[in-house]
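Peer 1: output the structure for:
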Amino acid sequence: MQENANLSVLIVDPNQGMRGSLQNMLNQSGISKVESAINASMAIKQLGKRAYDIILCEYDLGGPSGDGQDGQQLLEDLRLHRLITASTIFIMLTSEGVYDKVVSAAELTPTDYVLKPFTVEMLSSRIRRALERRTALLPVWQLAAQGKPVDAIRACTTAAIASPRYALDFLRLKAELHTSSGEHAQAGSIYRDVLAERPLGWAGLGLARTMVAQGQIEEARDTLEQLVQANPRLMAAYDLLARCHEKLGASQDAQKVLEDAVSISPHMVRRLRKLGEVAMENGDALAAEKSFKQVVTKARYSEFRNPEDHVNLVKALVTRGDVQGASGVIRDLERSMRGSAEVDACKAFSSALLHEKMGNGSAAVAELQMAAGAARTSNALSSNLRIGLAEACLEHQMDEQASNVMMTVMHDVSSPVSIDEAMGVFVRAGRPDLADGMGAQLRAQAQILLGVADEKRNMGDVRGAVQTLLEALHMAPGNLQVMVAVAGGILRQVNEMGWDHTLGGVAREQIEKLRVMDPNHPRLLALTREFLEAQRKFGIST
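Peer 2: Modelled structure (predicted):
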């Protein structure tokens, strides 16, 4: 038990007696560094300050001293916001016999879950088994965390020989590392080799993901449909299948798949939110209302509560003509969340939707003005909400506000919305003149950023120059001058600071686009040679 002396454990349980019992069990196993949290909120605060080797979490955190959020929702928050790493051991403790809740917890891949009642020996054996696996995989995780995917992939091969018990774990890690590096064909080859030996669900799902990444949407759809038939509890397969249906324009099929998933595992907030969004797009306001109500209820006690969920619920209620219900949701938002530009924007936008439904156009305009002003000062609002807000402004001939809001979308490098998609908002509204004006403004800003990048490079800030070039590329994605500058800047950084798979992928993409758009460009041949030389230099597969 001496090897357990340095382990740190966080117990998350609202029951004082259970916390004491667990601490006693851990002490008997040689673990003395034990801290406790009575609810999810306290756990998140403690995990924000320090890391723990092991988290023992009660599923039902809604006891007398709990905060209403359950262990599944806590784990979802921890994964989504990266408050725990791959090496953190998360063990769910539960006496819950309800099938759907157990599935919901299991699909978030806790390290293990233990049904009550259990003995010291049982808990110790589960912890020991988890620690053995972590010890074997830790060197690979550490290399990946250090931004060394090539070394991590090599380590998977050697570690699998040294620890054959975890050979499948290493194969899975290796494939995921290839995927994260943009090497989808290599990842797909690993998944196919695994499937040739055993029909494992995770391998089928991984293969489908590589197909989606390579644009093979129909093949991925067919693979996923077979996968969910063979593995009806593989919940992530439903999510990816719904995405495939959306990409193929079959949004009704996407909604049906998500509804099937929710019927099996009804507690995953992200899936409920997606179902609401798809249902709303399909004009099924009743289904959207049902989903968004559950999202608002389940996320009520989360430290990462999102006010946009209230906006979505208001949209569904207003569409159905439930003015009273929409008013209640806005009041709830006002009472329970305040003090940020994000909340102010959501409250004002929701109020505008309600006033519009009630025929009060002047009040709707006033609220839209407030929402647009708040949106300009908030970095937390999603692109979808900003687009919806801009569309509402355009409907009221609020050109300046719509343009200002959309400019925040176009300036956001992390936004999933492309410049062309953003411009489409104005085209669909019958205002191509606004799109042309914003396009000219963005091109001018991109030129300025090229100059800024040159200054940074001359001052020796190669990394800063590349970040500025990426901003320029986001604003002017089809500009040949920007594309050449981005590819050259990335290759300069790679040669000076080492290979970066994400940036390497961007450079490759820009060179290939340049080859299509201008095959006789004077810089194309040199950039191609430089890219291939960099790959050889750092041992990157071509």
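Peer 1: break down the chain into its strands, ranges please.
Peer 2: In the chain, the strands defined using DSSP state E lie at 8-12, 33-37, 54-58, 89-94, 112-115.
Peer 1: comparing those, which gets the lowest mean pLDDT score?
Peer 2: The minimum mean pLDDT among the strands of the chain belongs to strand 112-115 (a mean of 83).
Peer 1: ok, that strand: who's next to it in the sheet?
Peer 2: Using DSSP bridges, strand 112-115 pairs in its sheet with strand 89-94 (parallel).
Peer 1: can I get the CA coordinates of the strand it pairs with in CSV?
Peer 2: The C-alpha trace of strand 89-94 is given here as CSV (Å, rounded to 0.1, in the frame of the first residue of the first chain):
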residue,chain,number,x,y,z
ILE,A,89,-9.3,8.3,-12.8
PHE,A,90,-13.0,9.1,-12.5
ILE,A,91,-15.0,6.4,-10.7
MET,A,92,-18.8,6.8,-10.5
LEU,A,93,-20.4,5.4,-7.3
THR,A,94,-24.1,4.6,-7.5
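Peer 1: relative to strand 8-12, how tilted is that strand?
Peer 2: Angle, strand 89-94 to strand 8-12, by axes from the mean of the first three to the mean of the last three Cα atoms, to 10 degrees: 30 degrees.
Peer 1: list the buried residues of strand 89-94.
Peer 2: 89-94 (16 or more other Cβ atoms under 10 Å). Any C-beta I mention is one placed from the backbone N, CA and C, and that applies to glycine too.
Peer 1: what residue ranges in the protein score low on pLDDT?
Peer 2: Across the chain, the ranges flagged by pLDDT under 70 are 1-3, 62-68, 96-108, 541-542.
Peer 1: spatially central residue for it, please.
Peer 2: residue 80 (6.4 Å; Cα atoms, centre = their mean).
Peer 1: let me see the contact set for it.
Peer 2: Neighbouring residues of residue 80 by Cβ atoms under 8 Å, 6 or more residues apart in numbering: 270, 304.
Peer 1: distance of it from residue 292?
Peer 2: Residue 80 sits 18 Å away from residue 292, going by Cβ to Cβ, to the nearest Å.
Peer 1: just residue 519 next, same as before
Peer 2: 50 Å.
Peer 1: more neighbours: which of these two?
Peer 2: Set residue 519 next to residue 292 and count neighbours by other Cβ atoms under 10 Å: residue 292 wins out with 27 against 8.
Peer 1: how about the contacts made by the more buried one?
Peer 2: If a contact means Cβ under 8 Å, 6+ apart, then residue 292 has 272-273, 276, 309, 312-313, 316 as its contacts.
Peer 1: go with 6 Å
Peer 2: Shown in contact with residue 292 (Cβ atoms under 6 Å, 6 or more residues apart in numbering): 276, 312-313, 316.
Peer 1: do residue 12 as well
Peer 2: By Cβ under 6 Å, 6+ apart, the contact set of residue 12 is 37, 43, 57.
Peer 1: help me confirm that the second one comes into contact with residue 37.
Peer 2: Yes: in terms of Cβ atoms under 6 Å, residue 43 counts as a neighbour of residue 37; the distance is 4.0 Å.
Peer 1: those two: which is more packed in?
Peer 2: Using other Cβ under 10 Å, the more surrounded residue of residue 43 and residue 37 is residue 43, with 29 against 22.
Peer 1: and residue 250, its phi and psi?
Peer 2: Backbone torsions for residue 250, taken as degrees, to the nearest 10, come to phi -100, psi 70.
Peer 1: ok, it - how many residues close by?
Peer 2: 15.
Peer 1: for it, give its distance to residue 275.
Peer 2: Note on residue 250: its distance to residue 275, by Cβ to Cβ, is 15 Å.
Peer 1: likewise residue 327?
Peer 2: Relative to residue 275, and taking Cβ to Cβ, residue 327 is found at 25 Å.
Peer 1: could you do residue 531 as well?
Peer 2: Using Cβ to Cβ, residue 531 is found at 42 Å from residue 275.
Peer 1: what do you get for residue 398?
Peer 2: Distance, residue 398 to residue 275, by Cβ to Cβ: 32 Å.
Peer 1: more neighbours, these two?
Peer 2: Higher neighbour count among residue 398 and residue 275: residue 275, with 27 against 18, using other Cβ under 10 Å.
Peer 1: now do the contacts for the more buried one.
Peer 2: Applying Cβ under 6 Å, 6+ apart to residue 275 gives the contacts 258, 262, 291.
Peer 1: now it: closest residue in space that isn't a chain neighbour?
Peer 2: Closest residue to residue 275 apart from its sequence neighbours, by Cβ to Cβ, 6 or more residues apart in numbering: residue 258 at 4.2 Å.
Peer 1: verify the contact between that neighbour and residue 243 for me.
Peer 2: No: Residue 258 lies out of contact with residue 243 (Cβ under 6 Å); the separation is 10.0 Å.
Peer 1: between the two, which is the more surrounded one?
Peer 2: When residue 258 and residue 243 are compared for neighbours, residue 258 comes out ahead with 26 against 19, by other Cβ under 10 Å.
Peer 1: want to try JSON lines for the strands of the chain, with distance to residue 496 as columns?
Peer 2: As requested, the strands of the chain are exported to JSON lines (distance: least, Cβ to Cβ, whole Å):
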{"stretch": "strand 8-12", "distance to residue 496": "39"}
{"stretch": "strand 33-37", "distance to residue 496": "42"}
{"stretch": "strand 54-58", "distance to residue 496": "40"}
{"stretch": "strand 89-94", "distance to residue 496": "39"}
{"stretch": "strand 112-115", "distance to residue 496": "45"}
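Peer 1: wait, which of those strands is closest to residue 320?
Peer 2: Set against residue 320 and scored by Cβ to Cβ, the strands of the chain come closest in strand 89-94, at 36.9 Å.
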